[in-house]
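Novice: With the sequence up front, the predicted model follows.
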Amino acid sequence: MFVGRALYGWDTEEFAAEEAKNEDRRRALVKNAWTISRTEPRDCPILRLHEHWHDKRKLKLSKYNPNRSAFWRLIRFLSQTRISSTGLTRPWQSTIYWTNLYKVNPACTGNPTNALAGAQQQACIDMLTCEIETKKPEAVVFLTGWHWWAMPFLEAMKTQNLTIQPGAILQAHGRFIAGNQKPPFVVVPHPQGKPGHQIASAALSGIEENQAKGEAA
C-alpha cells in the first residue's frame, strides 16, 4: 500500500463544503468520483485511472503525465521490484493499493490548508485504519514525510517498534497493529525533486528490517 499526502484533482464536479452536509448530494459526489477510476466492478481502479490520465493527455485536455511524475515513478519502481521477486504477471498498477492521508482537498490549489486538514484529520485517521485492516497490505509506504504529514496519523494509530529518524531519508518505520495483521510501514519524503533511488533503497531496507523483526517475534 502506498500513501500520498492528498488528492490533487480528480476531475470530479466541484462542490462547496455546505453541499456535502446533504446525504443525497454526498452520495452523488462519491459515485461521481468512483466512476472516474472504475467503469465495471472488476476494473482495476489504479490502472483505469492511469489510462484516463493518458487519454486526457492525448486529447490535450491535461498536461499531467504519470510516467513523468516522481511520485508514480517511485511507486512503479518499488512495485516492479516486488513483482520481480514474486513472479506476478499482472500490470504493476494492479498489484498495489493507493490512498492518501487527506481525502478532501480543493481542486484548484495544492495541499489542504491547516483548517481543512484539521477539520477532516480524525475522520481520515479512522479511514486509513479501516483501509489497512480491510486490505491487509504486505507493507505500507508513506511517501509523505514525517513532520505535519504522517506524524499525527501514526501517533494516533496502533503501532509497535515505532522508530523516528527525522534527519534521515527513512524518517520513521515500524509495524501496524491491525487486527491479526502487523504489516510493516515506512515513512520517506515525498519524492518530488529528491533522489528517487535513495528513497527507494531506504524504503526497501526499512520494510525488510521490520519484516525480520516480525518473523523473529
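Specialist: Yep, it's here.
Novice: Number of residues surrounding K213?
Specialist: K213: 16 surrounding residues under other Cβ atoms under 10 Å. (C-beta placed from N, C-alpha, C; glycine too.)
Novice: List the single closest residue to it in space, sequence neighbours excluded.
Specialist: Spatial nearest neighbour of K213, excluding adjacent residues (Cβ to Cβ, 6 or more residues apart in numbering): N161 at 6.0 Å.
Novice: Please identify the helix or strand for that neighbour.
Specialist: Per DSSP states H and E, N161 falls inside strand 159-164.
Novice: Each with direction, which strands does that strand pair with?
Specialist: strand 172-176 (antiparallel) (DSSP bridges).
Novice: Send me the strand it pairs with as CSV with only the CA atoms.
Specialist: Extracted C-alpha coordinates of strand 172-176, given in CSV (Å, rounded to 0.1, in the frame of the first residue of the first chain):
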residue,chain,number,x,y,z
ALA,A,172,10.1,6.6,10.5
HIS,A,173,9.4,2.9,10.5
GLY,A,174,7.7,0.2,12.5
ARG,A,175,4.7,-2.1,12.3
PHE,A,176,1.0,-1.5,12.4
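Novice: which strands and helices sit next to the helix or strand just after it?
Specialist: Per DSSP H and E, strand 172-176 leads on to strand 184-188 as the next helix or strand towards the C-terminus. With contacts defined as 3 or more Cβ pairs under 8 Å, 6 or more residues apart in numbering; DSSP states H and E, strand 184-188 has these neighbours: strand 140-143, strand 172-176, helix 196-216.
Novice: immediately after the first one, which helix or strand?
Specialist: Proceeding C-terminally, strand 140-143 gives way to helix 151-156 as the next helix or strand, assigned by DSSP H and E.
Novice: Residues contacting that following helix, please?
Specialist: Outside helix 151-156, the residues that touch it by Cβ atoms under 8 Å, 6 or more residues apart in numbering are 101, 121-122, 124-125, 128, 162, 172, 174, 185, 187.
Novice: are any of those residues buried, and which?
Specialist: For those, a burial check counting by 16 or more other Cβ atoms under 10 Å picks out 101, 121, 124-125, 128, 172, 174, 185, 187.
Novice: Let me know the closest of the residues you listed to W72.
Specialist: Using Cβ to Cβ, L101 comes nearest to W72 of these, at 17.1 Å.
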